[in-house]
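Colleague: sharing a model prediction with you, sequence too.
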Amino acid sequence: MTTAEAQLAQEPGVDTAAVLNTYRRHVGRGRARLAAMTGAVVEVASFGAHVWDATGRQYLDCGGYGVFLLGHAHPDVTDAVIHQIRRHPMATRLLLEPTMATAAAALAEVTPDGLDYVHFVNSGAEATETAIKLARAHGKRVLVSASGGYHGKTTGALALTAKPVFQDPFRPLLESIHVPYGDADALAAVLADHPGQACVVVEPVQGEGGVIVPPAGYLPMVQQLCHAHGAMFVLDEIQTGLGRLGSWWGADAERLRPDVLLVGKNLSGGVIPVAAAVATAQAYAPFDSDPFLHTSTFAGAPVAMAAATATVRVIARDGLVARAAELGTRIRGMLDDTLAELRGEVVTDIRGRGLLLGIELANEALAGQLMLHLLEAGVVVNHSLNAHRVVRLTPPAVMTDRDLDELHHALTAAARQLTRHVPAHGKAADRA
């Protein structure tokens, strides 16, 4: 443990029971119940690939819903943010402000060619809303997304997030059509029925859908179909972009250039929430001509722009895209090795790309057990909101060999524990 890490771990203790009770009274009883189910662990500090709880215990963070590609509190990002806070944290929004220009140029420099216009927002869902409004400004009022996709829970984005449990309490939503992910023929049929009216939003790899990698050639076909039928093509890289997949963008693998690219999570550097929609000149034209058509008071705040610029520069300077590809290969091999004896009846699949990896279990109960066993062994992971049988790993690209050893030991221990929940004769799939 470094000196800085030791100091973090020695922060004054927190009353866990009081925190849990306050959650019940002021945050939500459901959230409190969930916390109790996972042992009521209270996180109080973070640095690099680790977080610390109120007892001083250290955890390797392979979760965070894909936010921490740079780990926690990366020195370059935190220094940039602290400097900006001391100088000029928020802007008037009337005068020109240089940090937004710098961040926009930095982001446009690493996006696919032709994606030159950047509209900054505060969250991934807001980036989706931006794309929806751009589409509607162009007369594209039929939203098309893929089953299992996840694009946010604000009202507009929710129309694209194809899961009834999230949508039903808030209907009627914007008109939307959901097609099977990876099925270009199904998409072609929908677009043929709505010529010039559609906005298609898909992910290069479905994260919350359970780490679903599409068949080769599917995404180029989506792009071709959108062009052929006059549809706007929006690629949601909120979770996959900026190196998560072992390439700058999922778009890079098949040389895609969407009309709008959605960016979030990693753009924050794990320090300040920030997201963006990056568009071609043609797609961005309505906002280009009227700067008040779609605005937000806090979007593009100088402190967030400092984080975004520093994040892009760190990823490029430190070779974190290539590092994500290398680590992804090593961790995938580790998963295959440590879970080999559970493959079949317990672990039904291991898949992913780069540092977006999924372990599919035979049922939701086993997935929950694996998450808990990993937490007990000191590793934080996530479930998948649209696929509860899939445990998702989104490790940071700043992991060291020592961190990999830590992950290996935890996976080994969790696999050993998981076998105790399975009868000797198998039939794990029957134990819901």
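Modeller: Okay, I see it. Since we're looking at a predicted model, the values are computed, not measured.
Colleague: how far away is the residue positioned nearest the centre of the chain from Gly148?
Modeller: The centroid of the chain falls nearest to Gln239 when counting by Cα atoms, centre = their mean (2.9 Å). For Gln239, the distance to Gly148 equals 13 Å [Cβ to Cβ, to the nearest Å]. C-beta coordinates here come from the backbone N, C-alpha and C atoms, glycine included.
Colleague: Thr419 should be in a helix, yeah?
Modeller: Yes. Assessed by DSSP: H, G, I helix; E, B strand; the rest coil, Thr419 belongs to a helix.
Colleague: can you pull the contacts of it?
Modeller: Glu341, Leu342, Val346 (Cβ atoms under 8 Å, 6 or more residues apart in numbering).
Colleague: the second one: how many residues sit nearby?
Modeller: Around Leu342 there are 21 other residues, counting by other Cβ atoms under 10 Å.
Colleague: next one: the last one
Modeller: Using other Cβ under 10 Å, Val346 is surrounded by 23 other residues.
Colleague: break the chain down into its domains, please.
Modeller: Listed by automatic domain parsing, the domain ranges of the chain are 3-73+319-430, 75-317.
Colleague: any chance you could map the helices in the stretch 251-400 of the chain?
Modeller: Remark: helices assigned in the stretch 251-400 of the chain by DSSP state H, counting those that start in this stretch are 281-289, 302-317, 320-338, 364-376.
Colleague: what angle sits between the longest one and helix 302-317?
Modeller: The reference is to helix 320-338. For helix 320-338 against helix 302-317, the angle by axes from the mean of the first three to the mean of the last three Cα atoms, to 10 degrees is 70 degrees.
Colleague: follow-up on the earlier one: of the contacts of Thr419, closest to Ala310?
Modeller: Leu342 (41.0 Å; Cβ to Cβ).
Colleague: isn't the closest one up against Ala415?
Modeller: Yes. Taking Cβ atoms under 8 Å as the definition, Leu342 is a contact partner of Ala415 at 6.0 Å.
Colleague: okay, stretch 284-299 in CSV with CA atoms only?
Modeller: Provided in CSV are the C-alpha atoms of stretch 284-299 (Å, rounded to 0.1, in the frame of the first residue of the first chain):
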residue,chain,number,x,y,z
TYR,A,284,-25.6,19.0,-35.8
ALA,A,285,-27.0,21.7,-38.1
PRO,A,286,-30.2,22.5,-36.0
PHE,A,287,-28.1,23.2,-32.9
ASP,A,288,-25.4,24.9,-34.9
SER,A,289,-27.8,27.5,-36.2
ASP,A,290,-29.7,28.0,-32.9
PRO,A,291,-27.5,27.7,-29.8
PHE,A,292,-30.6,28.0,-27.5
LEU,A,293,-32.5,25.2,-29.0
HIS,A,294,-31.2,22.7,-26.5
THR,A,295,-29.3,23.9,-23.4
SER,A,296,-28.5,23.0,-19.8
THR,A,297,-27.3,25.3,-17.1
PHE,A,298,-24.6,23.0,-15.8
ALA,A,299,-23.6,21.3,-19.0
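Colleague: which residues are common contacts for Gln239 and Gly148?
Modeller: In terms of Cβ under 8 Å, 6+ apart, Gln239 and Gly148 are both contacted by the residues Glu208.
Colleague: and Gly13, what does it touch?
Modeller: The neighbours of Gly13, taking Cβ under 8 Å, 6+ apart as the test, are Ala54, Thr55.
Colleague: let me see the confidence value for it.
Modeller: Gly13 is assigned a predicted lDDT (pLDDT) of 71.
Colleague: compute the distance between Tyr284 and Ala397, please.
Modeller: Per Cβ to Cβ, Tyr284 is found 30 Å from Ala397.
Colleague: kindly apply the preceding question to Val77 instead.
Modeller: Using Cβ to Cβ, one obtains 14 Å as the distance from Val77 to Ala397.
Colleague: joint contacts of the two?
Modeller: The overlap between the contact sets of Val77 and Ala397 (Cβ under 8 Å, 6+ apart) consists of Leu70.
Colleague: between the two, which one's more packed in?
Modeller: Ala397 (29 against 25).
Colleague: from the chain's centroid, how far away is stretch 90-102?
Modeller: Put simply, stretch 90-102 sits 27 Å off its chain's centre (Cα atoms, centre = their mean, to the nearest Å).
Colleague: averaged pLDDT, that stretch. What do you get?
Modeller: 96.
Colleague: alpha carbons of it, as CSV, please.
Modeller: C-alpha atoms of stretch 90-102 as CSV (Å, rounded to 0.1, in the frame of the first residue of the first chain):
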residue,chain,number,x,y,z
MET,A,90,-18.6,27.5,-13.1
ALA,A,91,-19.2,29.8,-16.1
THR,A,92,-21.8,32.5,-16.8
ARG,A,93,-22.8,30.7,-20.0
LEU,A,94,-23.0,34.1,-21.8
LEU,A,95,-19.3,34.8,-22.3
LEU,A,96,-16.9,32.6,-24.2
GLU,A,97,-15.2,30.1,-21.9
PRO,A,98,-11.9,28.4,-23.0
THR,A,99,-12.1,25.1,-21.2
MET,A,100,-15.1,24.0,-23.3
ALA,A,101,-13.4,24.8,-26.5
THR,A,102,-10.3,22.9,-25.4
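Colleague: what residues does that stretch touch?
Modeller: If you take Cβ under 8 Å, 6+ apart as the criterion, stretch 90-102 is touched by 84, 88, 120, 295, 297-298, 300-303, 305-306, 309.
Colleague: next: stretch 72-83.
Modeller: So stretch 72-83 is contacted by 46-51, 61, 70, 269-272, 303, 306-307, 309-311, 313-314, 398 (Cβ under 8 Å, 6+ apart).
Colleague: kindly export the strand or helix carrying Asp405 (C-alpha atoms) in CSV.
Modeller: Assessed by DSSP states H and E, Asp405 sits inside helix 401-418. What follows is helix 401-418, C-alpha atoms only, in CSV (Å, rounded to 0.1, in the frame of the first residue of the first chain):
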residue,chain,number,x,y,z
ASP,A,401,0.3,-7.2,-12.2
ARG,A,402,-0.2,-7.2,-8.4
ASP,A,403,-3.9,-6.2,-9.0
LEU,A,404,-4.2,-9.0,-11.5
ASP,A,405,-2.9,-11.4,-8.9
GLU,A,406,-5.5,-10.0,-6.4
LEU,A,407,-8.2,-10.6,-9.0
HIS,A,408,-7.0,-14.1,-9.7
HIS,A,409,-7.1,-15.1,-6.0
ALA,A,410,-10.6,-13.6,-5.6
LEU,A,411,-11.9,-15.5,-8.6
THR,A,412,-10.4,-18.7,-7.4
ALA,A,413,-12.0,-18.2,-3.9
ALA,A,414,-15.4,-17.3,-5.4
ALA,A,415,-15.4,-20.2,-7.7
ARG,A,416,-14.6,-22.5,-4.8
GLN,A,417,-17.5,-21.0,-2.8
LEU,A,418,-19.9,-21.2,-5.7
